[in-house]
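>>> one predicted model, sequence on top.
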Amino acid sequence: MKIRYLLANAYGMGGTIRTVINQANAMAGHHDVELVSVFRNRDNPKFPLDPRVRLRALVDLRGPGWRHPIRAWLGNRPSRLVPPSEVRYATFSTISDRAITRFLRSLDGGVLVTTRPALNLLAARFAPPHVIRVAQEHMYLRSHKPELIDEIARWYPRLDAVVTLTEADAAEYHTILDDSQTRLATIPNALTPAERAPAALDGKIVVAAGRLTRQKGFDLLIEAFATIAGKHPDWQLRIYGDGREHAKLRRQIHRLHLYNHVFLMGGTTTLERELAKGAIFAFSSRYEGFGMVLIEAMAHGLPAVSFDCPSGPADIITHGRDGLLVPPGNVPELAAAIDSLITDASLRHALGTAAKASVARYDIEHIRQRWEHLFTELHKAKGAASKSPADTPSAVSSISPRKSIASVTEDRPSWRP
């Protein structure tokens, strides 16, 4: 089977890039796999790529070629095909519009997996119908702006499948794709294959990781740790990651006099090694698509404390069994949950042991087989539809309960290219 993954930038850092490369690597031992990056801004990807995966870029941002006046002019002209409501709209341009549409129209069959709303919409519009077009949702439907949801409702019915990370999000998609034959499936992210040392549960380190953005809620975690530091001055919080909120978080740490307790560790390419140094993992996001770093921490046997934010943590953690969930954004409850694990070593060990066993369901081989099964079914359905469209059963998943998002999508004009 020929499988192509289309990413905005396979050469960058981030959860989506990492999980898509994991999928491509896992599939490469069984199928013909190509990873296509819209943009290339460095010589090599940050994450390891199986040598059997072919890699190519559509727009190379390196070198002196961008100083050519015409190319520079086109590169600075905004995209006419990507909706402005897309979070990464400014990343795209007239040059990327041309490169992406040329690539999509050239496809000669196989499976195309697109990995963010802009690329999903373009695949629906420009990829040939004989290509199996699969859209991956790496956040969740309600995280998108209303105008983008309008575009999703308009164009996603042309896709063969939309794959969400959680069943709750699949139910949301069902409300706007109910009349289409687009198949809905739920496949969570897989654990990154790695050697994982057991967590240092008798240590005194709380670990957190992610981009330093408002979404990740590290300001809330630092506020909670002010309470912890007062009660347990020998404990420390280490936050791994880079991002635009670094200076703001640094000022907060100094304002709360936590400079001997909370440390912004910066980005790391050896997160597995750093997670193993922790005794507790803290997950403070305001919202998520899934929570990749959460399952990676639990795979080390780290007991996790997490906000029950939309969406992901409640799908991963069973409260009181393999971790602790607290109400979204509730700083006192977050501090109390962390404190309970600090003061009760037996609970810390029990939850850590259960956490490691629980996330075995995200093993890469198990997740690979789920993707392979979906691709095989879509291939069969595509073949049956081409022979006898009238007799082909609807491919829409039956998902309940249905949740109305009429308030999100009603009475708003759709953006039009």
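Right, received. Where do you want to start?
>>> what about the helices in the stretch 51-200 of the chain?
For the stretch 51-200 of the chain, the helices defined by DSSP state H, counting those that start in this stretch occupy 69-76, 94-105, 117-126, 146-155, 167-176.
>>> could you list every helix and strand in contact with the second one?
Packed against helix 94-105, as judged by 3 or more C-beta pairs under 8 Å, 6 or more residues apart in numbering; DSSP states H and E, are the following elements: strand 32-40, strand 54-60, helix 69-76, helix 117-126. Where C-beta positions appear, they are placed from N, C-alpha and C, glycine not excepted.
>>> in TSV: the ones you listed, plus mean neighbour count and distance to residue 297.
Formatted as TSV, the helices and strands packed on helix 94-105 follow (neighbours: other C-beta atoms under 10 Å; distance: least, C-beta to C-beta, whole Å):
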stretch	mean neighbour count	distance to residue 297
strand 32-40	20	27
strand 54-60	16	29
helix 69-76	11	39
helix 117-126	23	28
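>>> pick out the shakiest of those, pLDDT-wise.
Across the helices and strands packed on helix 94-105, helix 69-76 has the smallest mean pLDDT, namely a mean of 60.
>>> okay, now the nearest residue to residue 210 once chain neighbours are set aside: neighbour count?
Closest residue to residue 210 apart from its sequence neighbours, by C-beta to C-beta, 6 or more residues apart in numbering: residue 216 at 4.2 Å. The local packing count at residue 216 equals 24, with neighbours defined by other C-beta atoms under 10 Å.
>>> my read is that residue 216 contacts residue 242, right?
No - using C-beta atoms under 8 Å, residue 216 is not in contact with residue 242, being 11.5 Å away.
>>> give me the contacts around the strand or helix carrying residue 237.
Residue 237 is part of strand 236-240, with elements assigned from DSSP states H and E. Residues outside strand 236-240 that contact it (C-beta atoms under 8 Å, 6 or more residues apart in numbering): 204-210, 212, 218, 221-222, 225, 228, 249, 258, 261-268, 271, 274, 277-278, 282.
>>> what angle separates whatever helix or strand comes next after it from strand 236-240?
If you walk from strand 236-240 toward the C-terminus, the next helix or strand you reach (DSSP H and E) is helix 246-255. Computed with axes from the mean of the first three to the mean of the last three C-alpha atoms, to 10 degrees, the direction of helix 246-255 lies at 170 degrees from that of strand 236-240.
>>> which residues touch the residue lying closest to residue 336 once chain neighbours are set aside?
Setting aside the residues directly before and after it, residue 336 is nearest to residue 326 in space (C-beta to C-beta, 6+ apart), at 7.8 Å. Neighbouring residues of residue 326 by C-beta under 8 Å, 6+ apart: 305, 306, 307, 308, 333, 334, 336, 337.
>>> could these go into TSV alongside distance to residue 88?
Rendered in TSV, the data for these read as follows (distance: C-beta to C-beta, whole Å):
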residue	distance to residue 88
305	31
306	26
307	25
308	28
333	33
334	30
336	37
337	34
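>>> residue 208: what secondary structure?
Under DSSP: H, G, I helix; E, B strand; the rest coil, the three-state class of residue 208 is strand.
>>> ok, it touching residue 220?
No - between residue 208 and residue 220 there is no contact, the gap being 10.8 Å when judged by C-beta under 8 Å.
>>> between the two, who's got more neighbours?
Between residue 208 and residue 220, residue 208 has the larger neighbour count (other C-beta under 10 Å), namely 27 against 21.
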